[in-house]
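Chemist: This is a predicted model, with the sequence first.
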Amino acid sequence: MKVLHTSDWHIGQILNFHYDRQEEHQHFLDQLGGIIGKERPDALIVSGDIYDKNTPGNSSMRFLSDNLLRICDLAPDMPLVLTAGNHDSSSRIESMSGVWRRVNTHFVGAAERVGEEYRLDKHIIELPGKGWIAAIPYIPDYQNDLYNIILREIHERNTQNLPVVMTGHTTVGNAVFTAHESVSFNGRDIVGGINSMDISEIDDDYDYFALGHIHTPQTLPNGKARYCGSPVQLNFKEQFPHSVTMVTVDSHGGTPTIETIELEPLRRFYVIPEKPAPLEEALSYLETHIPDGQGYVQLNILAAERLPSDTENRIRSVLERGEGLFYCDYKCTRPAAEGKNRVEKPDFNLSEFREKDPFEIAERYYQDTLQTDMDDTLKELLHSVIREVREGEAR
Ligand SMILES: [Mn+2]
C-alpha cells in the first residue's frame with residue numbers, strides 16, 4: 001500500500017494579520033496534484049489542521065472543496081482521508097463527512113460514543129486487497145484509549161494480514177520541536193497546547209503512524225511513526241525545506257519505505273541579517289542585500305531601547321526596491337543585561353496572582369520577556385490606561 005501523507009495545511013492563514021496565503025496554498029496544491037498524477041498513491045492522508053482557524057472564511061472553504069474535487073477527478077479511485085486537527089472545528093469537519101463520502105473522501109472530525117462504546121466504523125477505512133487506514137483526528141487526552149481500541153478492531157477484521165496505517169494529530173514526547181514553543185510541565189512536553197503522549201503506550205500493531213501537529217518533518221525512533229511537517233512555510237521559525245511524505249508498506253509487520261518529496265515554495269521567508277544587528281547596520285545591510293525572489297522579510301535587530309516609531313516605514317521603503325517583497329515585521333533582540341545584577345523574582349501561585357495589581361503584572365511581564373525595565377514614558381502610559389479602564393468599569 002502506497003500512501004501520500006501530509007498534514008498542517010492551515011488553509012486560510014493570514015500572515016501578520018495582512019498577507020493572505022491562498023496563492024501559496026494553490027501553488028502547493030498544484031504540486032500535490034502533479035505528485036498524485038505521477039506516483040499514483042493508493043490513498044491521500046491529511047493528518048489535521050486542514051484550516052488555520054476553527055471558523056474558516058467562505059473563500060477558504062470554497063478553496064478547499066474546489067481543490068479536493070480537482071484531486072478526486074484526477075484520481076477517482078484514490079480515497080482521501082482528512083482528519084481534524086486542534087486548529088480545526090471538529091464539528092465543522094464532521095459536518096462535511098456525509099456528502100464527501102460520495103466521492104470517496106472521508107472527513108473525520110471527532111471521536112463519538114454511543115453509550116459506553118466508541119463509534120468505530122467512521123475511523124476504519126478499508127482499501128480492499130490493499131490495506132487499512134485508522135483515521136484518528138485530534139482527540140483530547142481522556143480519549144487516548146481510542147488508538148488501541150481501533151487497532152484491535154482492525155486486527156480482528158484484517159484476516160488477510162494487510163498493512164495498517166494510522167493517523168493522529170498530537171504531540172509525541174521526545175520529538176524535535178524546532179519551530180514551536182514548547183513548555184515542560186511535570187516532566188511532560190506541551191506543544192501548541194497539546195500534552196505529549198508516550199507512543200510506546202500504543203499497541204505495536206500499526207505499520208505506519210501518519211502524524212500531524214508538529215511542523216518539523218521527522219521520523220520518530222521506532223522508524224514507523226512520522227511527522228510529515230507542514231507543506232507551506234507558516235512562520236519565520238520554520239526554516240527548513242517543506243515537503244510531503246510518500247510511504248510504502250508491503251505487508252502487515254513489514255518495514256515502511258519513507259520518501260520525502262520536497263516542494264517548491266512560491267514565496268520565501270527571509271530573516272535579514274542572519275544575526276541580529278543594530279538598526280542602522282541592519283537597514284544598510286538590507287539595502288545591499290535585497291533578495292531576488294518573492295518573499296516575506298523580517299529585519300533582525302539588536303536594540304537595548306524601544307525602536308523609533310518610523311522604523312517600520314524605513315524598512316518598507318527599502319523593500320519597495322525589490323520585486324514581490326513583503327515587509328513582515330522586525331525581530332528585536334535585547335543585548336544581554338550585563339552587570340545589571342538582575343534579581344530573580346520568585347514565581348507566584350494563582351491566588352497570589354489574583355491579588356496582584358495589573359500594573360505589577362505588566363511590569364513583571366515586560367521585564368521577563370524583554371530583559372529590561374520599562375522606561376518612565378511607558379510606565380506613565382500604562383498607569384493612565386489602567387486608570388481609564390477602572391473609571392470605565394466604575395461608571
Ligand atoms: Mn498545525
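Modeler: Yep, that arrived.
Chemist: just checking, next helix/strand downstream of the helix or strand bottoming out on mean pLDDT in the chain?
Modeler: Scoring the helices and strands of the chain by mean pLDDT, DSSP states H and E places strand 182-185 at the bottom, with a mean of 71. For strand 182-185, the following helix or strand on the C-terminal side (DSSP states H and E) is strand 188-191.
Chemist: and whichever helix or strand comes after that following strand, which strands flank it?
Modeler: Next helix or strand after strand 188-191 toward the C-terminus (DSSP H and E): strand 194-197. Strand pairing for strand 194-197, using DSSP bridges, gives strand 171-172 (parallel), strand 188-191 (antiparallel).
Chemist: Quick check: what element follows strand 194-197 along the chain?
Modeler: As assigned by DSSP H and E, the chain's next helix or strand after strand 194-197 is strand 208-212.
Chemist: which residues does the nearest residue to L325 once chain neighbours are set aside contact?
Modeler: Nearest non-adjacent residue to L325, counting by CB to CB, 6 or more residues apart in numbering: L319, 4.7 Å away. In short, each C-beta sits where N, CA and C put it, glycine included. Neighbouring residues of L319 by CB atoms under 8 Å, 6 or more residues apart in numbering: 286, 290, 297, 325-327.
Chemist: do you know which of the strands paired with strand 194-197 lies nearest P265?
Modeler: Nearest to P265, of all the strands paired with strand 194-197, is strand 188-191, at 23.8 Å by CB to CB.
Chemist: who's in contact with the closest one?
Modeler: Contacts with strand 188-191, where a contact means CB under 8 Å, 6+ apart, come from 171, 173-174, 177, 180-184, 195-196, 213-214.
Chemist: any chance of the residues you listed in CSV, plus distance to A282 and neighbour count?
Modeler: Listed next are those as CSV, based on distance: CB to CB, whole Å; neighbours: other CB atoms under 10 Å:
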residue, distance to A282, neighbour count
T171, 35, 24
G173, 38, 15
N174, 37, 11
F177, 28, 17
H180, 26, 18
E181, 25, 9
S182, 29, 15
V183, 30, 8
S184, 33, 9
N195, 39, 16
S196, 37, 20
H213, 34, 25
I214, 31, 27
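Chemist: and of the residues you listed, the nearest to M78?
Modeler: The closest of the contacts of strand 188-191, once distances to M78 are taken by CB to CB, is H213, at 24.3 Å.
Chemist: Tell me who's in contact with that closest one.
Modeler: Residues near H213 by CB under 8 Å, 6+ apart: 7-8, 47-49, 85-86, 138, 169-171, 191-192, 194, 227.
Chemist: if you set the cut-off to 6 Å instead, what comes out?
Modeler: Listed by CB atoms under 6 Å, 6 or more residues apart in numbering, the contact set of H213 reads 169-170.
Chemist: The residue lying closest to T6 once chain neighbours are set aside: neighbouring residues, count only.
Modeler: Counting by CB to CB, 6+ apart, V244 is the residue found nearest to T6 once chain neighbours are left out, at 4.5 Å. Neighbour count of V244, defined by other CB atoms under 10 Å: 23.
Chemist: Spell out which helix or strand contains V244, please.
Modeler: strand 243-248.
Chemist: quick one: contacts of that strand?
Modeler: 2-6, 208, 217, 228, 231, 256-263.
Chemist: same thing but 10 Å
Modeler: Identification of contacts with strand 243-248 by CB atoms under 10 Å, 6 or more residues apart in numbering yields 1-7, 28, 31-32, 35-36, 39, 41-42, 44-45, 163, 165, 207-208, 210, 217, 219, 224, 226-231, 254, 256-263.
Chemist: related to what we said a few turns ago, buried deepest among the strands paired with strand 194-197, which one?
Modeler: For those, the largest average neighbour count (mean count of other CB atoms under 10 Å) is found in strand 171-172, namely a mean of 23.
Chemist: Show me where the stretch 201-350 of the chain has its helices.
Modeler: Secondary structure of the stretch 201-350 of the chain (DSSP state H, counting those that start in this stretch): helices located at 279-288, 311-319, 350-355.
Chemist: Run through who's touching whichever helix or strand comes after the last one.
Modeler: Read that as helix 350-355. Using DSSP H and E, the next helix or strand after helix 350-355 towards the C-terminus is helix 358-370. With contact meaning CB under 10 Å, 6+ apart, helix 358-370 is reached by 304, 306, 332-334, 337, 342-343, 345, 348, 353, 356-357, 372-374, 378-379, 382-383, 385-387, 389-390.
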